[in-house]
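what follows is a predicted protein model with its sequence.
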Amino acid sequence: MTGSEPRPDGLRPGEVSVEAPVRADAALVFIGRIATPWRRRADCPRQGDPADGPECRLHLDPLWTAALDGIEAPVRLQILYWMHEARRDLVRLAPRGHDDSRPRGPFALRAPTRPNPIASSIVALVGMERGVAPVLIVRGLDCLDGTPLLDIKPWRG
């Protein structure tokens, strides 16, 4: 085993984990699922590109159809999602792809590994399908296929 390979506990050199608290202090409702071309975390881009990233689809539960009233393309949206496959116990990470690869805390990185794996991306709304279950077609995401969708907000940046 070389110095850069993960250890049996899944940690890379320089990473530190803690015993995470019980996850019973908040309740979230997933409003849908996100469909992207990425099946493995290693395939996801470091940050999505709303200008020319691949089209991704936000499949909303039909319950939330009326909540889309007033959203029309083209517009920028802030998408909040739950990084369901991310570790939640690391307090120091050895980031990949940084010029300076020294270990850092998750609050200093955009890494998915964090105590509450909530992610936010600014996307471009390309279109909308209003069927039984609405679908928003967007560009600018960086998450795994099947990621739970938490919220959609207009972006006024």
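Great, that's in hand.

every contact and neighbour count from this point should use C-alpha atoms.
OK.

next one: the closest residue to Glu129 other than its chain neighbours relative to Arg41, how far apart?
Nearest-residue entry for Glu129: Val135, 5.1 Å, with adjacent residues in sequence omitted and distances by C-alpha to C-alpha, 6 or more residues apart in numbering. Separation of Val135 from Arg41 (C-alpha to C-alpha, to the nearest Å): 23 Å.

ok, those two, which is more surrounded?
It is Val135, of Val135 and Arg41, that has more neighbours when counted by other C-alpha atoms under 10 Å, with 22 against 15.

pretty sure that one is touching Met128, no?
Yes. Using C-alpha atoms under 8 Å, Val135 is in contact with Met128, at 5.7 Å.

which residue ranges of the protein form strands?
Ranges of strands in the chain, per DSSP state E, are 16-17, 32-35, 55-60, 75-82, 90-92, 118-129, 135-139, 147-154.

now the ones you listed as CSV including mean pLDDT?
Shown next, in CSV, are these (pLDDT from 0 to 100):
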stretch, mean pLDDT
strand 16-17, 86
strand 32-35, 97
strand 55-60, 97
strand 75-82, 96
strand 90-92, 89
strand 118-129, 95
strand 135-139, 96
strand 147-154, 97
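
reformat the ones you listed as JSON lines; add distance to Ala67.
Listed next are the strands of the chain as JSON lines, based on distance: least, C-alpha to C-alpha, whole Å:
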{"stretch": "strand 16-17", "distance to Ala67": "39"}
{"stretch": "strand 32-35", "distance to Ala67": "13"}
{"stretch": "strand 55-60", "distance to Ala67": "10"}
{"stretch": "strand 75-82", "distance to Ala67": "14"}
{"stretch": "strand 90-92", "distance to Ala67": "36"}
{"stretch": "strand 118-129", "distance to Ala67": "13"}
{"stretch": "strand 135-139", "distance to Ala67": "12"}
{"stretch": "strand 147-154", "distance to Ala67": "10"}
